[in-house]
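# sequence plus predicted model, see below.
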Amino acid sequence: MRALVLTDFHQLDLVETARPEPGPGEVLLRICATGICGSDFHGFTGDNGRRGPGQIMGHESSGTIAAVGAGVDAAALPVGAPATFNPVVVPEELIDQYRDREQHAPGKQVIGVAQDVQSSFADYLVVPERNVLLLDPAMPLHLGALIEPLAVAVHAVGLGGPRPGETALVVGGGPIGQRVVLALDRAGVEDIAVSERDPRRRELVAALGVTALDPSAAPLAEQVEGVLGGPADLTIDAVGLSATMTDALAATALGGRVVLVGMGSPRLELPAFAISTEERSVIGSFTYSARDFAAATAWIGEHVDQVTRLVSSVIGPEQAQESFTALAAGQGPAGKILVRFDEHGPSDLQEQPA
C-alpha cells in the first residue's frame, strides 16, 4: 500500500509499504480521504514536538471497512460499509471508568499523534473495533474526514455551556473556528460573530450565516459590542495566542466564559484582572469524548450542504508535500485540504472478508 511518511521535518515521501492486517477485535479500513490538520503541518515542521521522522501521520479520515479481525461482529461492521474512526483510543480496562471523558484517560493513545502507531495518511489503517463508527451511506464518503475536527468543536462548545438567548464570539475563522460556528448553531446559538484577519476566511464564515469581523480594523471589543449589542456571553478562542486570548477576554461580558481550544502557542501571557476581578472563566478544551464524536458523526450526515463548503481543496497523496509546505508557510486555502487515497489507488481495491 501507499503511505505518506514524514522522512524528515519538512519532507513527506509517498512510499510503498506492507498493508496492515486486523488482529482480534480490530478493523481494517480502506482510507478514502484524510484531512490535513493544523497539528499535522506543525508536526511536519517539527514546531509542536508531537510528531517525529519516520511517522505516518493523519487522524481526520473516512473510508470503508475492508476486513475485520477475529471476534468482530461482521453483521454490525460489514465489509464495504462506509465508516470513520475516533482517534482517541482508551485502554480497554479503563473504558467504563472514563466513559464520556475518554480524553482524560491515562495511557490513552491518539491515532495520528502517537509516533509508533501507523496512522491514516495511507491506503489502509487498522483501528480497534470500538473506535469505528458507521457513516450515512447517502453522504459523500470524503466528507466523513470532516467529522474529527467537528467533534473538537462540539466538545469545546459543550464545555462553554451556551444558554438560551446568549451571544457568542469565535476568535479565529480557520478550520476549527469554522466548525465551532457549526457547533454553536447546533447548540441553538443564534447571534454569533467571528474574528478573523484573513479576508478569504471571513468570506467563508460569512457564508455560514454569521458576522465576520476584521480584528485589525478596530478594537475587537468595540466591534463585538456593535454587532452583538454588547460583549459576548461566550467566547471560544480557536487560535490560542496571547493576543487572541487578550482580545477574547476583552470582548467577553463580566462573568462570561472563554473556552481555549486553539493551540497556537504552548505558553500564554494573560491579563490576570480580566479573569479575577471581572470574574470571567477560562476553560481548556482538548479533543472530545466518544459521545461528542458520535454526535458530530450523526450531525454531519444530516447537514451535508453546510459542511461541503468547508472543503477548499481535494488533492492526491502525490501533492501532499506541496500542500504541507504551503500550509507551513501560511499560504493555505481558507478551508480544509483533504488528501484523497481512493482515487487512482492501489490494485487491491476489492477486499475480501478476513
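Arrived safely.

# please enumerate the helices of this structure.
38-45, 147-160, 175-186, 199-206, 220-228, 242-250, 272-275, 290-302, 304-308, 320-328 (DSSP state H).

# out of these, which is closest to residue 133?
With CB to CB as the measure, helix 290-302 is the member of these nearest residue 133 (5.0 Å). C-beta: built from backbone N, CA, C; applies to glycine.

# dump the helices of the chain into CSV; add distance to residue 93 as well.
Formatted as CSV, these follow (distance: least, CB to CB, whole Å):
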stretch, distance to residue 93
helix 38-45, 28
helix 147-160, 24
helix 175-186, 32
helix 199-206, 43
helix 220-228, 47
helix 242-250, 38
helix 272-275, 38
helix 290-302, 16
helix 304-308, 36
helix 320-328, 37
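
# how about the ones you listed, which one is nearest residue 259?
Going by CB to CB, the one of the helices of the chain nearest residue 259 is helix 147-160, 4.6 Å.

# looking at the helices of the chain, which is nearest to residue 343?
Per CB to CB, nearest to residue 343 of those: helix 320-328, 13.7 Å.

# what comes up buried for that closest one?
320, 321, 323, 324, 325, 327, 328 (16 or more other CB atoms under 10 Å).

# other SSEs contacting it?
strand 11-16, helix 38-45, strand 336-340 (3 or more CB pairs under 8 Å, 6 or more residues apart in numbering; DSSP states H and E).

# need the winner for burial among the ones you listed.
strand 336-340 (a mean of 24; mean count of other CB atoms under 10 Å).

# gap between that strand and the chain center?
In terms of CA atoms, centre = their mean, to the nearest Å, the centre of strand 336-340 is set 13 Å apart from its chain centre.

# send me it as PDB with only the CA atoms.
Taking Å, rounded to 0.1, in the frame of the first residue of the first chain, the C-alpha atoms of strand 336-340 are listed here in PDB:
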ATOM      1  CA  LYS A 336      -9.800  22.300   4.700                       C
ATOM      2  CA  ILE A 337      -7.500  20.300   2.400                       C
ATOM      3  CA  LEU A 338      -8.400  16.700   2.000                       C
ATOM      4  CA  VAL A 339      -5.800  14.100   0.800                       C
ATOM      5  CA  ARG A 340      -7.800  11.500  -1.200                       C
END
